[in-house]
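Participant: model the structure of this input:
(2 chains)
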Amino acid sequence: MIMWNAELAKRLSCTEKEKAALPELITSLLDLADKLRLGGIKSQSGVELAKDQDILAYGLRMIAEGLSLETLEEILAIYLATSTLSGYEFLTQCIYTEAILSIASGDSRELLLRKLAPYCGAEKAFALLKAQEPPRRAETP
Amino acid sequence: MIINVLCELHRTLNLETKKGGAEKTKSLTRSKKVAEKLNQADAVHLQSRFAALPKKTAIYLELAARFVLTVAQYQREGNQRILAAAREERRRLLKYAYSLIASSTAPELVRQAFYSAGLSSASGYADECESEMFITGTRLAITKAHPVVIMRTMTAYLGLQVFDQVESWLLEHFSGKLEDDEELIIPGDLSEILSDTRLSPGQIDLAVRMAGHQLIAASLAGCPRQTVDLVKSLSYSKLGEALLDWNIREARSRLSSDELSDAQSAFMELLGSLDEPNPAEIRQENWSSGVDESLVADISSLIMELDERILKSVVASLDPALLASLIQAMEPIAHDRLFSCAPSSRSKKILNALEASQALSLNELTRRAQIFAQKVLSELAPKVRQSSAKSLQLSASLRQHLTSILSRE
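Facilitator: You can find the predicted model right below:
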């Protein structure tokens, strides 16, 4: 069940043009999760992230602190709710946060994609899911 | 899902969106001076609306630290300690927080209790940041959360700017190492498996995260120190190590040898399962096995590409039981679109029907998909019939999906 709040919806709203950048951002998060799945959470600790990705960097540090998923979710939600951002900038921070929570729970690439894609809106999400779809297994005769 | 937690917070905090974006609070509007100071500093991108001048921030941190240390003492020494703290404390907010902890107030009633006492911003308390910090801290203390968790959550209101400072403070106060403790060895293969070079650091780390802190602590509680150190080096920061040590110590005191052994077996099973598809993938696999993937693709694409007005009309006119059974042959993203086009009362009916529905054979699913496709066609048809008798004005892909569904046998 997804809850809804008018104030939050207003805060998350951004233009279609801005949303067009989201599939690329989500793809980069999928790649980051792949690297973490391979090398472990500490393998990316020294990697420099962009300035607007500081929630991602701090989020990864909190995963390494061994905080439970519930605690992590509560802390990250406080950071987001009390932040001064809105519009596209806020939406991207929400996507980073969703990615952190998914990484913390050890989700597969496919599950992470399915959690992040809806942030693009139905049409773009569908296109993104199609684009990221693994090649179909050869059909048996 | 973070959106749900954000919805809750947006309801409880006094968030008011200004035209153009940024929020303001009813009680604390950031002054120009503060904003300038913060901009000068190497500020983080995600600024808190409660971010204050360093002096004020230091006061908040000092209050949180005092509270957390008292709670830590209370967790070690019992109720007498918190009652004494409540007696000695002069600051109204802290005094009240301690009294709520001492009386074991139900966690879900803490906010209401602060409100009734006039100590929340909703009931006129001037400092919303301070009030929110202590409502959160009190609730967590009552649920017996670890002091590290309480401090991290309380100081989240101050923003990421204080993250490092809080980490240093926590390390200083809560980094009791296991080195001083005696080793406890529970016979088993976990140590050997973890040091097996065939396991990648990523696999071990993934298993640690999937296990959660309670299972991993119970599993490591009966392992030699070098195994614990190996896991720490792969998955934990300095503060994480301290928290893990605390959890291991707690597991050793709370659990029997058999329970620790069971935990090891469970963790080994988890490690072993990492070579297999994860549960979500299995669910996905179960969901798709037996379903014709091209039928799923056609139905999903049809739903995604249909004009919203047409889809709403189709959803409104079809039997909820038919829609529910059709959901078995749809991508999850198409579920979302379908439900977004149904009024909430109809969504409920579809969900009820879904709960009562049985898995259908491919033939039955195909038949239902065809009824759906026919309904789509009948919704599209009247518009063009009035203007001419020519073929339906459909996009090529929509036509292809409809044809593909209707031509199935």
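Participant: tell me what the strand or helix carrying B:S265 is packed against?
Facilitator: Mapping B:S265 onto the secondary structure by DSSP states H and E places it in helix B:257-273. In this structure, helix B:257-273 makes packing contacts with helix B:190-194, helix B:201-220, helix B:238-254, judged by 3 or more C-beta pairs under 8 Å, 6 or more residues apart in numbering or on different chains; DSSP states H and E. (C-beta placed from N, C-alpha, C; glycine too.)
Participant: I'd like the ones you listed as a markdown table, with mean pLDDT and mean neighbour count appended.
Facilitator: Formatted as a markdown table, the entries for these read as follows, by pLDDT from 0 to 100; neighbours: other C-beta atoms under 10 Å in any protein chain shown:
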| stretch | mean pLDDT | mean neighbour count |
| --- | --- | --- |
| helix B:190-194 | 87 | 18 |
| helix B:201-220 | 92 | 22 |
| helix B:238-254 | 91 | 19 |
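Participant: closest one to B:H401 among those?
Facilitator: Of all the helices and strands packed on helix B:257-273, the one in closest proximity to B:H401, counting by C-beta to C-beta, is helix B:201-220 (38.5 Å).
Participant: and the closest one, what does it pack against?
Facilitator: Helix B:201-220 is packed against helix A:22-39, helix B:225-235, helix B:238-254, helix B:257-273, with contacts defined by 3+ C-beta pairs under 8 Å, 6+ apart.
Participant: closest one to B:E8 among those helices?
Facilitator: Shortest separation from B:E8 across the helices and strands packed on helix B:201-220 is recorded for helix A:22-39, at 24.5 Å, computed as C-beta to C-beta.
Participant: so what touches that closest one?
Facilitator: Around helix A:22-39, the neighbours that count as contacts under C-beta atoms under 8 Å, 6 or more residues apart in numbering or on different chains are A:43-44, A:56, A:60, A:91-92, A:95-96, A:99, A:102-103, A:107, A:109, A:112-113, A:116-117, A:119-120, A:124, A:127-128, A:131-132, B:200-202, B:205-206.
Participant: could you pull out the helices for chain A?
Facilitator: Assigned helices in chain A, in chain order: A:6-12, A:16-19, A:22-39, A:54-64, A:69-81, A:87-104, A:109-116, A:122-132 (criterion: DSSP state H).
Participant: is it correct that B:I2 is in contact with A:C94?
Facilitator: Yes: using C-beta atoms under 8 Å, B:I2 is in contact with A:C94, at 6.0 Å.
Participant: identify the contacts common to the two.
Facilitator: By the contact definition C-beta under 8 Å, 6+ apart, B:I2 and A:C94 are jointly contacted by A:L80.
Participant: picking that back up, how far does the helix holding B:S265 sit from its chain's centre?
Facilitator: For helix B:257-273, the separation from the chain centroid amounts to 25 Å (computed by C-alpha atoms, centre = their mean, to the nearest Å).
Participant: how about that helix: buried residues?
Facilitator: If you call a residue buried by 16 or more other C-beta atoms under 10 Å in any protein chain shown, then helix B:257-273 has these buried ones: B:L260, B:S261, B:A263, B:Q264, B:F267, B:M268, B:L270, B:L271.
Participant: check contacts around the fifth one.
Facilitator: For B:F267, the contacting residues are B:L190, B:A207, B:A211, B:L215, B:I216, B:S219, by C-beta under 8 Å, 6+ apart.
Participant: for the fourth one, same thing?
Facilitator: Listed by C-beta under 8 Å, 6+ apart, the contact partners of B:Q264 are B:I186, B:G188, B:L190, B:S219, B:G222, B:C223.
Participant: separation between the closest residue to the last one other than its chain neighbours and chain A?
Facilitator: Excluding the flanking residues, the one nearest B:C223 by C-beta to C-beta, 6 or more residues apart in numbering or on different chains is B:S191, at 5.3 Å. As for B:S191, its distance to chain A is 19 Å (criterion: C-beta to the nearest C-beta, to the nearest Å).
Participant: wait, doesn't B:S191 sit right on B:G222?
Facilitator: No: contact criterion C-beta under 8 Å: B:S191 and B:G222 do not qualify, at 9.4 Å.
Participant: let me see the ranges of the helices in the stretch 51-200 of chain B.
Facilitator: Assigned by DSSP state H, counting those that start in this stretch, the helices in the stretch 51-200 of chain B fall at B:54-77, B:79-88, B:92-102, B:110-116, B:128-142, B:147-155, B:163-174, B:190-194.
Participant: least reliable of these by average pLDDT, please.
Facilitator: Per-stretch mean pLDDT for the helices of the stretch 51-200 of chain B is lowest at helix B:190-194 (a mean of 87).
Participant: show me what that helix is packed up against.
Facilitator: In terms of contact count using 3+ C-beta pairs under 8 Å, 6+ apart, helix B:190-194 is assigned the packing partners helix B:225-235, helix B:257-273.
Participant: which positions in the shortest one come out as buried?
Facilitator: Within helix B:225-235, the residues scored as buried using 16+ other C-beta under 10 Å are B:T227, B:V228, B:L230, B:V231, B:K232, B:L234, B:S235.
Participant: looking at chain A, which helix or strand is least sure?
Facilitator: helix A:122-132 (a mean of 82; mean pLDDT, DSSP states H and E).
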